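>>> Just need the structure, nothing else, for what follows:
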Amino acid sequence: MARVSQEHLDARRRQILDGAAVCFARNGFHATSMQDVLKEVNLSAGAVYRYFSGKEELIAAIVAEVLGSVRAAFEEAARQSPPPPPDELVAAVLGRTLAARENLTVDGRPAFPRLVIQVWAETLRNEDLRAVLGEGYASVRAAWARIVESYQSAGMMSRDVEPDRVARTMIAAVIGFLAQQSLFGPAPVEVLRDGLRALMGMRDQAAAAPGSQFG
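Residues are numbered from 1 along each chain as shown. As a prediction, the model looks like this:
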């Protein structure tokens, strides 16, 4: 019997994860059966169960993969001195995350934003998934906090705010932006980038205005 290459195994695993992601985005976690996943990926039960034991393991793998790639991107940015400003950094990381999954669609619209909302909703009832998401969220939050510390050390950001508070705010902005996409349709990441840039420059603009209390 010919030996199956690692490249083939990786491609098959990718096929299953992508198909499951589309199913979960389309119908939610509870309304999706393993039979739905099998139909989506056009594989036998044996082929799928070779990689994943069921829906819980599939969704956990999807969440861990996404958060792992996001954390790695922010950790890479934290090693730069100084890191890119928040508006550019968020747009770059989110753009990369969306681009990696742009082939996944539901009714002609990107599946990823819908998947994010489905995952967050499922964590309210699924303790195992909540643990996976919590661990990933904590690692992304810590990476962002290190970026904020770098901003502060470089004089780019005031030191009077705790880095973790800025980290939580930036994560909230991204989650909110994805929620908007899920509910109201796709929007380019430049929308979030430009909005953050405007808010970041607001105090400077106010200080420069005639008669400003900041002047």
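
>>> And residue 21, which helix or strand is it part of?
Secondary-structure assignment from DSSP states H and E places residue 21 in helix 6-27.

>>> Residues touching the next helix or strand after that helix, excluding its own?
The helix or strand immediately downstream of helix 6-27 is helix 34-41, counting by DSSP H and E. Contact with helix 34-41 is made by 15-16, 18-20, 22-23, 27, 44-45, 48, 54-55, 58, as judged by CB atoms under 8 Å, 6 or more residues apart in numbering. Any C-beta I mention is one placed from the backbone N, CA and C, and that applies to glycine too.

>>> And stretch 111-130, by the same measure?
Stretch 111-130 is contacted by residues 21-22, 24-26, 28-30, 56, 59-60, 62-63, 97-98, 101, 104-106, 133, 175, 178-179, 181-182, 186 when judged by CB under 8 Å, 6+ apart.

>>> Packing partners of the helix holding residue 21?
Applying 3 or more CB pairs under 8 Å, 6 or more residues apart in numbering; DSSP states H and E, one finds that helix 6-27 makes contact with helix 34-41, helix 55-78, strand 105-106, helix 111-122.

>>> Tell me, how many residues neighbour residue 15?
Using other CB atoms under 10 Å, residue 15 has 17 neighbouring residues.

>>> Tell me the spacing between the nearest residue to it once chain neighbours are set aside and residue 23.
Spatial nearest neighbour of residue 15, excluding adjacent residues (CB to CB, 6 or more residues apart in numbering): residue 41 at 5.5 Å. Per CB to CB, to the nearest Å, residue 41 is found 9 Å from residue 23.

>>> Residue 129 too?
The gap separating residue 129 from residue 23 is 16 Å, by CB to CB.

>>> Pick out whichever of those two has more residues nearby.
A count of neighbours by other CB under 10 Å puts residue 23 above the other of residue 129 and residue 23, at 26 against 19.

>>> wait, doesn't that one sit right on residue 32?
Yes - between residue 23 and residue 32 there is a contact under CB atoms under 8 Å: 4.6 Å.

>>> Spit out the contact partners of the closest residue to residue 110 other than its chain neighbours.
Once flanking residues are discounted, residue 110 sits nearest to residue 186: 5.7 Å by CB to CB, 6+ apart. Neighbour list for residue 186: 109-110, 113 [criterion: CB under 8 Å, 6+ apart].

>>> what helix or strand does residue 186 sit in?
Counting by DSSP H and E, residue 186 is found in no helix or strand.

>>> Same question for residue 93.
Taking DSSP H and E as the criterion, residue 93 maps to helix 86-99.

>>> buried ones in that helix?
86-87, 89-91, 93-94, 97-98 (16 or more other CB atoms under 10 Å).

>>> Now render those as CSV, adding pLDDT.
Shown next, in CSV, are those (pLDDT from 0 to 100):
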residue, pLDDT
86, 95
87, 96
89, 95
90, 95
91, 95
93, 95
94, 95
97, 94
98, 94
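
>>> Among those residues, pick out the one closest to residue 162, please.
Checking these against residue 162 by CB to CB gives residue 86 as the nearest, at 15.6 Å.
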